[in-house]
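Asks: below are the sequence and a predicted model for it; my questions follow.
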Amino acid sequence: MTDSARYAWLKDELASLDHAYYVLDDPKLPDIEYDKLYRELISLEQAHPDWVTPDSPSQRVSGNASDLFTEVKHAVPMLSLNNALEDSEAEAFDRRCREGLELDQVEYAAELKFDGLAISLRYEKGLLTQAATRGDGYSGEDVTANIRTIKAIPLRLKGAIHPDTIEIRGEVFMSHRDFDSLNQQAIAKGDKTFANPRNAAAGSLRQLDPKITAQRTLSFYAYGVGQCEPAVFIPSTHSKLLDQYLEWGLPVCEHRDVLKGFEGLSSFYTKIGDLRDQLPYDIDGVVYKVNSREQQEDLGFVSRAPRFAVAHKFPAQEALTTVLGIDVQVGRTGAITPVARLSPVVVGGVTVTNATLHNEDEVRRKDIHVGDTVVVRRAGDVIPEVVSAIKEKRPDSALAFVMPTRCPVCESHIEKLEDEAIARCSGGLFCPAQRKQALLHFAQRRAMDIDGLGEKIVDQLVDLQIVRTPADLYQLGLMALANLERMGEKSAENLLQAIHQSRKNTLARFIFALGIRHVGESTAKDLAKHFGGIHQLMDANEEDLLQVNDVGPVVAKSLLGFLQEAHNREVIEQLLAAGLELEVEQSTINPALVGKTFVLTGTLPTMSRDQAKLLLENAGAKVAGSVSAKTSYVVAGDEAGSKLEKAQQLGVAVIDEAAMMQLLNS
């Protein structure tokens with residue numbers, strides 16, 4: 001392609017991308033890719049100035065007003081800023097300012113570059129009369145009705161003295177929290193989600209019905225000024241202008257500073273870069289402005305941007321790359337996560353080769369294929385994710401993702417229960433990816449109660465391949481434990497004793513210890529009472545399981561998926577062969593307590609709350625964790641807190657341990 005043909009293509013392509021970004025709110029490329037094309041255009045125009053025509057993107061501010069809104073002419077153009085993508089370009093900006101002003105050092109106002117929608121607010125005698133988008137920089141869209149729904153923007157400026165007319169420039173954006181909430185609502189309704197907070201803010205602000213905008217939480221920060229009559233109201237420096245905005249009740253970002261020279265600018269850039277991931281909203285860089293208004297006027301403008309300001313961009317957090325394949329990873333709890341294997345690409349200063357696709361439904365929703373060109377996003381230490389596919393670039397050879405039916409780690413079946421987005425490996429007792437989590441759950445106090453088997457010990461046992469399944473715990477010897485880091489002989493003896501004591505346990509605790517999804521302590525007790533033995537439970541079918549109290553279709557399918565997996569059955573048999581004695585707790589139903597609900601609080605004098613709970617449940621009562629009007633009794637011990645207070649407020653009967661025992665024995 002010749003240079004002239006390339007130049008013509010660049011003009012058309014950039015115009016198309018601008019329309020998608022500013023009018024349709026549907027960006028087709030990450031900012032970094034757009035910037036590359038724009039720089040190539042500028043380079044060709046510098047080499048061939050006679051090629052430049054009025055319709056070149058360099059001769060106008062990007063964007064067009066939507067014909068769905070009334071056009072508003074800006075009294076003072078809303079120009080965009082030139083970008084500094086490298087430190088050397090920011091340093092060159094400082095040099096040009098020093099040379100243009102003939103100064104050894106220039107004072108700058110530094111602030112954040114928000115990733116939202118630029119807005120101009122027109123106030124007349126302190127009253128908000130009009131709001132307009134930037135549009136093409138010279139005319140935008142009238143969005144006054146929608147802007148009035150944003151509570152952060154005052155309808156009337158504070159104070160008694162204001163200019164006759166002032167245009168306050170700033171950014172409308174959406175916080176991460178509000179963006180996540182909006183997308184969750186969209187998912188619940190089956191609607192399309194927004195790709196990013198900037199898109200969400202733009203889409204919300206450009207609704208034809210202000211009632212829809214009002215339902216979405218938008219924010220605003222002021223950072224500039226347009227027309228001001230009389231001009232005497234504009235302070236002598238940019239930093240004082242922002243201080244004046246605060247006095248008028250306008251929101252101004254706290255992350256701003258006044259600095260001198262490139263060293264000051266570089267320090268601010270580094271500080272904000274370190275803070276970026278902690279901010280509750282998106283930014284893509286920082287902005288440097290010559291602080292003095294008089295010096296700004298001396299430096300003036302180029303056709304597209306002011307000479308006295310520049311946007312120093314952070315490394316791109318989005319980039320384009322190709323999906324080479326889609327694999328699945330197995331998490332500690334058995335969750336199966338599709339992961340895109342990518343052609344290496346630098347995102348946010350880090351080379352990315354893998355990116356999460358979250359779950360099978362998300363892959364379908366985003367329509368990601370192997371072979372696709374995709375947008376990849378990375379924010380700080382967050383795992384990179386695939387945002388979307390560029391479907392116009394999809395090759396004919398692209399392949400749709402197919403979720404495997406067996407775990408890639410242990411070959412157990414993969415199951416996905418109804419109403420759950422995440423598929424899981426069913427080999428919980430055997431799967432190497434789940435070993436540490438399975439062992440910790442097995443040993444916890446409410447399960448097999450192996451005191452001393454904590455996370456650090458489990459990490460070593462698994463990492464050194466001493467223990468693979470819970471059954472291996474009962475084969476441990478003194479030397480194997482004593483040789484572990486920070487484990488002396490005495491500690492090893494204590495742990496072995498705790499493991500030995502756990503051999504004699506209840507069937508209910510053992511069922512809970514297996515870590516079957518959706519099977520908590522209460523369900524485990526119901527299963528133990530109903531079947532009376534682990535083999536009877538292992539041989540049960542779905543119809544048998546549905547006969548158990550509080551076991552519905554979801555729990556039954558989870559149980560079957562786990563207990564029918566050969567690997568899990570093998571580990572259970574190994575545990576029984578290790579000498580486990582599993583008792584079935586005898587039920588002593590007290591008809592007077594059936595249907596009654598108890599809440600335990602405080603320290604009881606002769607027993608733990610767990611022991612009291614067991615007694616009550618065996619008698620047929622229910623034990624809840626919180627007090628409500630349906631609570632029958634609150635059993636209060638020493639240092640009872642808010643639960644006791646709530647019981648007294650609701651008029652619920654409050655008894656002590658002795659009274660509870662009288663009820664149990666009645």
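Replies: All right, it came through fine. Just so it is clear, the structure is predicted and the values come from calculations on it, not from any experiment. Numbers count the residues shown, from 1 in each chain.
Asks: surely E485 touches Q460?
Replies: Yes. In terms of CB atoms under 8 Å, E485 counts as a neighbour of Q460; the distance is 6.3 Å. Placement of C-beta: from N, CA and C, glycine included.
Asks: quick one: what helix or strand has the spatially most central residue of the chain in it?
Replies: Residue closest to the mean C-alpha point of the chain, counted by CA atoms, centre = their mean, is D180 at 7.3 Å. D180 belongs to helix 176-189 when elements are defined using DSSP states H and E.
Asks: pLDDT averaged over that helix, what's the number?
Replies: Here helix 176-189 scores 88 as its mean pLDDT.
Asks: below-threshold pLDDT in this structure: ranges please.
Replies: Scanning the chain for pLDDT under 70 picks out 19, 22-25, 60-68, 303, 379-382, 586-587.
Asks: more neighbours: E485 and Q460, which one.
Replies: For E485 versus Q460, the count of surrounding residues by other CB atoms under 10 Å is larger for Q460: 17 against 9.
Asks: doesn't that one fall inside a helix?
Replies: Yes. Q460 forms part of a helix when assessed by DSSP: H, G, I helix; E, B strand; the rest coil.
Asks: got a list of what the nearest residue to R122 once chain neighbours are set aside touches?
Replies: In this structure, R122 finds its nearest non-sequential neighbour in Q130, 4.1 Å apart by CB to CB, 6 or more residues apart in numbering. With contact set as CB atoms under 8 Å, 6 or more residues apart in numbering, Q130 has these partners: 72, 121-122, 142, 144.
Asks: which of those residues fall in strands?
Replies: 72, 121-122 (DSSP state E).
Asks: between those, which is closest to A340?
Replies: Nearest to A340 among those: L121, at 42.4 Å, using CB to CB.
Asks: OK, contacts around that closest one?
Replies: Contact analysis of L121 by CB under 8 Å, 6+ apart lists 128, 130-131, 147, 153, 167-170, 222.
Asks: take those and lay them out in TSV including secondary structure and distance to Q59.
Replies: Below are the contacts of L121 laid out as TSV (DSSP: H, G, I helix; E, B strand; the rest coil; distance: CB to CB, whole Å):
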residue	secondary structure	distance to Q59
L128	strand	33
Q130	strand	27
A131	strand	27
I147	helix	29
I153	coil	32
E167	strand	23
I168	strand	27
R169	strand	22
G170	strand	26
A222	strand	29
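Asks: reformat the residues you listed as a markdown table; add distance to H441.
Replies: Formatted as a markdown table, the contacts of L121 follow (distance: CB to CB, whole Å):
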| residue | distance to H441 |
| --- | --- |
| L128 | 58 |
| Q130 | 61 |
| A131 | 56 |
| I147 | 53 |
| I153 | 51 |
| E167 | 62 |
| I168 | 57 |
| R169 | 56 |
| G170 | 51 |
| A222 | 53 |
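Asks: now for those: which two are most distant?
Replies: Q130 and A222 (15.6 Å).
Asks: the stretch 451-600 of the chain: helices as residue ranges?
Replies: Along the stretch 451-600 of the chain, the segments classed as helices by DSSP state H, counting those that start in this stretch run 455-463, 478-482, 489-501, 507-513, 521-531, 534-538, 542-545, 553-563, 566-577.
Asks: out of those, flag the one nearest D35.
Replies: Between the helices of the stretch 451-600 of the chain, helix 455-463 lies closest to D35; by CB to CB that is 45.4 Å.
Asks: chain center to the helix holding D180: distance?
Replies: 11 Å (CA atoms, centre = their mean, to the nearest Å).
Asks: count the neighbours of V350 for me.
Replies: By the criterion of other CB under 10 Å, V350 has 12 neighbours.
Asks: what of E33?
Replies: 16.
Asks: ok, so of the ones in strands among the contacts of Q130, who is nearest A421?
Replies: Using CB to CB, these come closest to A421 at L121, 41.7 Å.
Asks: kindly state the beta-bridge partners for that closest one.
Replies: Beta-bridge partners recorded for L121 (DSSP bridges): A131, I168.
Asks: quick one: contacts for the closest residue to E418 other than its chain neighbours?
Replies: Among residues not flanking E418 along the chain, V554 sits closest, at 6.3 Å (CB to CB, 6+ apart). Counting by CB under 8 Å, 6+ apart, V554 touches 417-419, 518.
Asks: distance of V554 from L417?
Replies: 6 Å (CB to CB, to the nearest Å).
Asks: who touches both of the two?
Replies: Joint contacts of V554 and L417 (CB under 8 Å, 6+ apart) are H518.
Asks: related to what we said a few turns ago, H358: which of the ones in strands among the contacts of Q130 is nearest?
Replies: For these, the nearest to H358 is L121 (38.7 Å; CB to CB).
Asks: gap between that closest one and T133?
Replies: 11 Å.
Asks: make a markdown table from the contacts of Q130 and add distance to V370 to it.
Replies: Shown next, in a markdown table, are the contacts of Q130 (distance: CB to CB, whole Å):
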| residue | distance to V370 |
| --- | --- |
| V72 | 47 |
| L121 | 48 |
| R122 | 52 |
| D142 | 46 |
| T144 | 48 |
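Asks: most neighbours among those, which one is it?
Replies: Neighbour max across the contacts of Q130 (other CB under 10 Å) = L121, 24 neighbours.
Asks: show me what contacts L241?
Replies: 225, 234-235, 293.
Asks: just the residues you listed: which are in strands?
Replies: V225.
Asks: report the buried members of the contacts of L241.
Replies: The neighbour count (16 or more other CB atoms under 10 Å) marks 225, 234, 293 as buried among these.
Asks: check contacts around the second one.
Replies: Taking CB under 8 Å, 6+ apart as the criterion, I234 is in contact with 225, 228, 241, 293.
Asks: could I get these as CSV with distance to L559?
Replies: Shown next, in CSV, are those (distance: CB to CB, whole Å):
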residue, distance to L559
V225, 67
C228, 72
L241, 67
R293, 73
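Asks: need the max-distance pair from those residues.
Replies: Most distant of those, by CB to CB, are C228 and R293, 10.9 Å apart.
Asks: host element of T270?
Replies: helix 261-275.
Asks: what's the next secondary structure element after that helix?
Replies: strand 283-290.
Asks: against which helices or strands is that following strand packed?
Replies: helix 87-101, strand 107-114, helix 261-275, helix 293-299, strand 309-313 (3 or more CB pairs under 8 Å, 6 or more residues apart in numbering; DSSP states H and E).
Asks: quick check: which of the ones you listed is nearest to G641?
Replies: Counting by CB to CB, G641 lies closest to helix 261-275 out of the helices and strands packed on strand 283-290; the figure is 38.3 Å.
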